[in-house]
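Visitor: sequence first, predicted model second:
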Amino acid sequence: MDQNIKLGQLAAPPRRARVRDVPNRPGYEWVTESFLRHAIFEAKDRVGAGDTRMPGNGLSGAIIRIGRRVLLDLDAFDAWVNAQRESE
């Protein structure tokens, strides 16, 4: 057991979910699977027509790819959503 962790103070396991399961989780009813897939597609920088560079949306830190399976780190996703607020 790690000496830095005291009994009763174990870290919570990371919250991860498959993309198709996120809309069914409590607190994520506002999210649709199509929204998530579109946001994942635009997560990284990409090159458009005429070699124009299109910046990513910053969600790449919340995406976990294992083979063909795509998972979302829900804590990182929540942080990304909060960062999308418009400043006044």
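Guide: Cool, the structure landed.

Visitor: need the phi and psi values for residue 29.
Guide: Note on residue 29: backbone dihedrals following degrees, to the nearest 10 are phi -70, psi -20.

Visitor: list the contacts for it?
Guide: Residue 29 makes contacts with residue 23, as judged by C-beta atoms under 8 Å, 6 or more residues apart in numbering. All C-beta atoms are positioned from the backbone trio N, CA, C, and that covers glycine.

Visitor: what do you get for residue 85?
Guide: Contacts of residue 85 (C-beta under 8 Å, 6+ apart): none.

Visitor: and it, what element?
Guide: If you go by DSSP states H and E, residue 85 is not part of any helix or strand.

Visitor: ok, residue 79 next?
Guide: helix 74-83.

Visitor: show me what counts as buried in that helix.
Guide: Within helix 74-83, the residues scored as buried using 16 or more other C-beta atoms under 10 Å are 74, 76, 77, 80.

Visitor: any chance of those in CSV, with distance to residue 68 too?
Guide: Converted to CSV, those look like this (distance: C-beta to C-beta, whole Å):
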residue, distance to residue 68
74, 20
76, 21
77, 20
80, 23
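
Visitor: give me the mean pLDDT for the helix holding residue 79.
Guide: Confidence for helix 74-83, expressed as mean pLDDT, is 95.

Visitor: nearest to residue 47 among the buried residues of helix 74-83?
Guide: Comparing the buried residues of helix 74-83 against residue 47 with C-beta to C-beta places residue 80 closest, at 22.8 Å.

Visitor: hang on, that closest one packs against residue 60?
Guide: No. The criterion here is C-beta atoms under 8 Å, and residue 80 misses it with residue 60 at 9.4 Å.
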